[in-house]
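> I need the structure of the sequence given here:
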Amino acid sequence: MQKQMQDLLDSSEFKAVVAKRWRVSVILTLLLFVIYYGFILLVGLDKPFLAQKIGEVTTLGIPLAVLVIVGAWVLTAIYIAWSNSAYDPEIERLRARLKP
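The predicted model follows:
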């Protein structure tokens, strides 16, 4: 069993799956950083823009802050959907090779 495990870990298929997961994770993380730090920079550098009224009481900053939170949820949902449809089945296929 130990030899099977090592062979699987050394296989190009396993390394390709790990590399794909890494790429997806890095891309989604970078998108999250752009969304979050873009908003933070906007708060720090262009307060008058965020202070524009879009209603009687609400300023533009409030919906943009909500969009930052919703954006994080959307990126999480994208990762979950990708994982459920592509990553998990591939891992299960590789794991099945270990069963006697």
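> Every contact and neighbour count from this point should use C-alpha atoms.
Fine.
> what about the residue nearest the centre of the chain, helix or strand, and which?
Centroid-nearest residue in the chain, with C-alpha atoms, centre = their mean: residue 28, separated by 3.4 Å. Residue 28 belongs to helix 12-45 when elements are defined using DSSP states H and E.
> and for the next helix or strand after that helix, what are the contacting residues?
Stepping forward along the backbone from helix 12-45, the first helix or strand reached (DSSP H and E) is helix 47-50. Here helix 47-50 makes contact (C-alpha atoms under 8 Å, 6 or more residues apart in numbering) with 42-43, 59-61.
> shaky segments in this protein?
The model of the chain has pLDDT under 70 over residues 1, 100.
> again, 80 this time
Along the chain, segments meeting pLDDT under 80 span 1, 99-100.
> circling back to that earlier point, for residue 3, see how far away the residue nearest to the centre of the chain is.
Computed as C-alpha to C-alpha, to the nearest Å, the residue 28 to residue 3 distance reads 35 Å.
> Next: residue 93.
With C-alpha to C-alpha as the criterion, residue 93 and residue 3 are 18 Å apart.
> same question, residue 9
When distance is defined by C-alpha to C-alpha, residue 9 is 10 Å away from residue 3.
> How much space separates residue 9 from residue 85?
Per C-alpha to C-alpha, residue 9 is found 22 Å from residue 85.
> Can you tell me the SS state at the residue of the chain most remote from its centre?
Here the chain reaches farthest from its C-alpha mean at residue 56, the gap being 35.8 Å by C-alpha atoms, centre = their mean. Following DSSP: H, G, I helix; E, B strand; the rest coil, we place residue 56 in the coil state.
> For it, what are phi and psi?
The phi/psi pair for residue 56 (degrees, to the nearest 10) reads phi -70, psi -40.
> State the distance from it to residue 67.
Residue 56 is 20 Å from residue 67, by C-alpha to C-alpha.
> now do residue 36
According to C-alpha to C-alpha, residue 36 and residue 67 sit 10 Å apart.
> Check residue 48 too.
Separation of residue 48 from residue 67 (C-alpha to C-alpha): 19 Å.
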